[in-house]
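In: below: sequence and its predicted model.
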Amino acid sequence: MSQDLLGLSAAQAAERIRGGDLASHELFDAYRERAAGEELGAFLWVADQAPEATPDGPLAGVPLAVKDLFCVEGVPSAAASRILEGYRPPYTATAVERLRDAGAAVLGKTNMDEFAMGSSNENSGFGPVLNPWDRTRVPGGSSGGSAAAVAAGLAPWAIGTDTGGSIRQPAALCGIVGMKPTYGAVSRYGMIAFASSLDQAGPLTRDVTDCALLLRHMVGRDPCDSTSTGVPEEVALPSSERLEGLRFGIPPELTGEGIEPGVREVFDATVWRIEELGGTVEEVALPHAGHGISAYYVIAPAEASANLARYDGVRFGQRVGDGDLLSLYEQTREEGFGTEVKRRIMLGTYALSSGYYEAYYGRAQRVRTKIADDFRAAFERVDLIVTPTSPTVAFGLGERTDDPLAMYLSDALTVPMPLAGLPAISIPAGMSEELPVGFQIAGPAFSENQILDAAYAIERAVGFDGGPPRA
Amino acid sequence: MPEALAERAYEPVIGLEIHVQLKTRTKMFCGCKLSFGEEPNTRTCPVCLGHPGTLPVTNAEAVHFALMIGLALECEIAPRSIFHRKNYFYPDLPKGYQVSQYDVPLASRGRLGDVRIHRVHLEEDAAKLVHAGASGRIHSAESSVVDFNRGGTPLVEIVTEPDVRSASQAKEWLELLRSTLRRLEVSDVRMEEGSLRCDANVSIRPAGEATLGTKTELKNMNSFRFLERGVNAEIARQEETLRAGGAISQETLHYDPASGALSPLRSKEEAHDYRYLPEPDLVPLAPTEEMLERARAALPELPAQRAERLERDLGLPPDNAQRLAFRTDLGDFFEATLQAAGDGADARTISNWLTGDLVSLVGDSDPAASKLEPSALARLVGMVAQGAVAPSAAKEVLAILVADGGDPARVVEAKGLGRAGADELTRVVERAMADQADAVEKIRAGNRKAEGAIVGAVMRETKGRADGAEVIRLLRERIGE
Amino acid sequence: MIDREQVLHVARLARLRLTDAEVGRMTGELSSILDHIEKIGELDLEEVAPTSHVIELENVLRADEPRESLPREVALREAPDSDATGFRVPSPSTVEEA
Ligand SMILES: [Mg+2]
Ligand SMILES: [Zn+2]
């Protein structure tokens, strides 16, 4: 019985509940039990009980896993950082509020890289997350807990955030769908900030339909977020199975060097399917995309260094030290932040400090302009751009922790889109070394519907029906 | 060399940096109401406490007020300005950075009176640290309590060019700025309460030289008097240092009004590395023609313009014109009185009444809030001009009108304050002369001062209803001059 | 490249008290990251405007209308140290400019 329930996609489950064939609390309890007993380290907090009544609205009480950096009033929300251990916010993030209004029920808070800084989920202050396909490997990051939970059937779907690839890369490494919307589509209010000009919330789901359904209820202009715009048209549930008339571009800069042969093979096969489905494929240049990592690892840490200055042990969170004010600040931050967070604060502080601003931050912002210009030019020739999501399949736990630069380079294919504010999706497209491989589709600003349509057609054609054992 | 130094005349060069709390209803970036002495930490929300995940949203009215200020100070308004984060750690700064404007301020290159304005920008105020130490000064190893009620109050920062040359000019100019801001109704501008705060950058240089000396920054001068004293003390300190062959070091000084002492604020070298970065949570301000038009339309006649008009069009003495213009309430009462007095009214005399007797009766409060009607004052001034009331009796009438209101003619009649008639006055003068034969003798001998005794006696007798000049005329007539 | 002294200076700016071992490791790691980043120094960016926002919004303003503030006990609830009225901190021994 419970296994049947878990086999339903979120959209299917919502439909059954709304049709009266399924009680929402039954579904919730089935997932609650799994989430509470899981051994992947995917959850940091699980709700005690289902909402009392079946929530009204299209999402009909379907449980939702929420990345720990979304503030939920009265619920632990620590962005997986020790410095915020025990913090229960006095307010709720707009994205979560909207989903609740649409009927979603918060199932739990998922593990992540501390403050969303990482690509492996090994930087959590509360321990790593294991990849459900192979527990010796990472699930990707920073939304690793959300991705693992969905892949392992611990939650029907989840929300995460993407700053340089933090939804798409773990979705790829866990064999699920993950989408980063256009910057501004979803409110950032209540998302514990990493890099404000890049952060964007999005869905992590089992399939493209669920992705569209969840995204539909997340987007919208929010008066609490000055940079939010919403989307010009409602997010539609995709239905087209062909790609006729769509032009796909392959940028050599993001599909050449450094891509594992197994990943390359899946990518090539997927491109071939696009042509089979009636899409046209051509090469399109993104001359500055190769500098994305450099620009990203200046801009994101610089913004983070300011965003994380508020963790000072005064108004909330942990405090360490009982001496003078300076030692209170320094000890609180020294003990509260993990190594990667400190590394990025250092990097960002340095890049903004007197005498270095122009050489680093100023220049990185100009590279950002160039990358955005490249995309603009490319989208005059093609409708969508495709690349592998990650150059490799899920790597081993501990494999890259001693080499931060190598870790940073694993974001190379996902970083250019957020630098330009563009939407992109990762869908599972096949397997390599018995691990899932993600396929990335990016489009111009606010082309979410077109991306979802294409992703849906490709998903159907690929027929990826993998899933790790649900034990 | 020391003699040469000692001989030298120094010229102070002063620039002012003013922070003005705007009188909006809510804070700069959140919906909390502004605080006026509420219980600590009762006007806060996740945004102004800097909680994780919160975002600022700019208050439209603060932008409107800042535009009004920019326009009133004859500034150029930037077509597009952005907010920056100014990073430093301090317990009164919840986010670890202040949202402010940096390379492109909202307004720049203006002028007020004889001082050029360098820039005008918008920012948010810090919270208040309440020190547990008894002295109120900052100690280590003691605890303080942070009150975030003030945190996030909209501020406009105004920076002048170094055009001020003396402490008294600094004080006078700041008074002009205050009355201008008050006239705009954008701030309470109370220095004692911190809604107007002024720092001064002070340097001195040998008179006539063009290069600037090393400047120091003076903080905490929370009244006009302290501003003047603090700047004077710093000028004196710098002169003394230079005359002794020393050098001025660039530092920030804290003025202690109680002792008049200036003490350096220890500040770490890196505290000045603010690592400004464009605020990614806010979008640029690009005032539209509509926003500018609305700000322009909201500008009243400003004190400097009013003073000029009163002087030019009504021929008021500059002093009176300035006093009426700098106090909007007085200026308005003056103009209302003038209007009530009608054609041919003597503006100068009315202005004397306003700035003299009326001010000494009402002090700092608005005369319009007293019982006195402008039309009543106009009639009273008219009665004096026609000789129906003597000036000294008129003062008494004014005091009654301020306290109880009413019509001056009735007050004069009821209190018997009408000018003494010719017969009555002749009688009184003759009696006084008879009573004070000594004085009359002296007057005859050419001692004019002795006239005072007779005039005094007549005034006493008539309770001030007599015209002094008329008394003297009658007196001299009788003595045979 | 970044040297030990710079690492210590930046750590002070960021209010991070790094252990000796961390300083050493950080110096090496940051240097290799910066070496990679510095490749953007080779690009010709003279005429290129910096991008700080990817969205083209201007004048996003809020009406000056009050919203409910938090009850004080809620505002103070998460504070590591507070008294009945506010957030307690060790008094600053130095004053820095605001
Ligand atoms: Mg300021
Ligand atoms: Zn507030």
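Out: Looks like it arrived, so ask away. The structure displayed is predicted, hence computed values, not measured ones. Ligands and ions are numbered 1, 2, ... in the order given.
In: how about the longest helix seen in chain C as PDB, C-alpha atoms only?
Out: The residue-count maximum for a helix in chain C (DSSP state H) belongs to helix C:20-37. Output in PDB follows, covering the C-alpha atoms of helix C:20-37 (Å, rounded to 0.1, in the frame of the first residue of the first chain):
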ATOM      1  CA  ASP C  20      47.900  29.100  12.800                       C
ATOM      2  CA  ALA C  21      47.300  26.000  10.900                       C
ATOM      3  CA  GLU C  22      44.300  27.600   9.200                       C
ATOM      4  CA  VAL C  23      46.300  30.600   8.200                       C
ATOM      5  CA  GLY C  24      48.900  28.400   6.500                       C
ATOM      6  CA  ARG C  25      46.400  26.300   4.700                       C
ATOM      7  CA  MET C  26      44.300  29.300   3.700                       C
ATOM      8  CA  THR C  27      47.300  31.100   2.300                       C
ATOM      9  CA  GLY C  28      48.000  28.200   0.000                       C
ATOM     10  CA  GLU C  29      44.500  27.500  -1.000                       C
ATOM     11  CA  LEU C  30      43.500  31.100  -1.600                       C
ATOM     12  CA  SER C  31      46.700  31.600  -3.700                       C
ATOM     13  CA  SER C  32      45.800  28.800  -6.000                       C
ATOM     14  CA  ILE C  33      42.200  29.900  -6.400                       C
ATOM     15  CA  LEU C  34      43.400  33.500  -7.000                       C
ATOM     16  CA  ASP C  35      45.900  32.300  -9.600                       C
ATOM     17  CA  HIS C  36      43.000  30.700 -11.500                       C
ATOM     18  CA  ILE C  37      40.800  33.800 -11.100                       C
END
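In: would you mark the buried spots in it?
Out: Neighbour-count burial for helix C:20-37 flags C:22, C:25, C:26, C:27, C:29, C:30, C:33, C:34, C:37 (criterion: 16 or more other Cβ atoms under 10 Å in any protein chain shown). Just so you know, the C-beta spots here come from the backbone N, C-alpha and C atoms, and that holds for glycine as well.
In: including distance to residue A:381 and pLDDT, could those go into JSON lines?
Out: Formatted as JSON lines, those follow (distance: Cβ to Cβ, whole Å; pLDDT from 0 to 100):
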{"residue": "C:22", "distance to residue A:381": "48", "pLDDT": "93"}
{"residue": "C:25", "distance to residue A:381": "46", "pLDDT": "95"}
{"residue": "C:26", "distance to residue A:381": "44", "pLDDT": "96"}
{"residue": "C:27", "distance to residue A:381": "45", "pLDDT": "97"}
{"residue": "C:29", "distance to residue A:381": "40", "pLDDT": "96"}
{"residue": "C:30", "distance to residue A:381": "39", "pLDDT": "97"}
{"residue": "C:33", "distance to residue A:381": "34", "pLDDT": "96"}
{"residue": "C:34", "distance to residue A:381": "35", "pLDDT": "96"}
{"residue": "C:37", "distance to residue A:381": "30", "pLDDT": "95"}
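In: ok, so of those residues, who is nearest residue A:444?
Out: Of all those, residue A:444 sits closest to residue C:37, with 27.9 Å by Cβ to Cβ.
In: check contacts around the closest one.
Out: Listed by Cβ atoms under 8 Å, 6 or more residues apart in numbering or on different chains, the contact set of residue C:37 reads A:294, A:297, A:298, A:360, A:364.
In: hmm, try it at 7 Å
Out: Contacts for residue C:37 (Cβ atoms under 7 Å, 6 or more residues apart in numbering or on different chains) come out as A:294, A:297, A:298.
In: can you classify residue A:109 by secondary structure?
Out: strand (DSSP: H, G, I helix; E, B strand; the rest coil).
In: so it sits right up against residue A:66, yeah?
Out: Yes. Contact status for residue A:109 versus residue A:66: in contact at 5.6 Å, counting by Cβ atoms under 7 Å.
In: can you tell me the closest non-neighbouring residue to the residue of the stretch 301-450 of chain A found nearest chain C?
Out: Nearest to chain C in the stretch 301-450 of chain A, going by Cβ to the nearest Cβ, is residue A:421, at a distance of 3.0 Å. Closest residue to residue A:421 apart from its sequence neighbours, by Cβ to Cβ, 6 or more residues apart in numbering or on different chains: residue C:54 at 3.0 Å.
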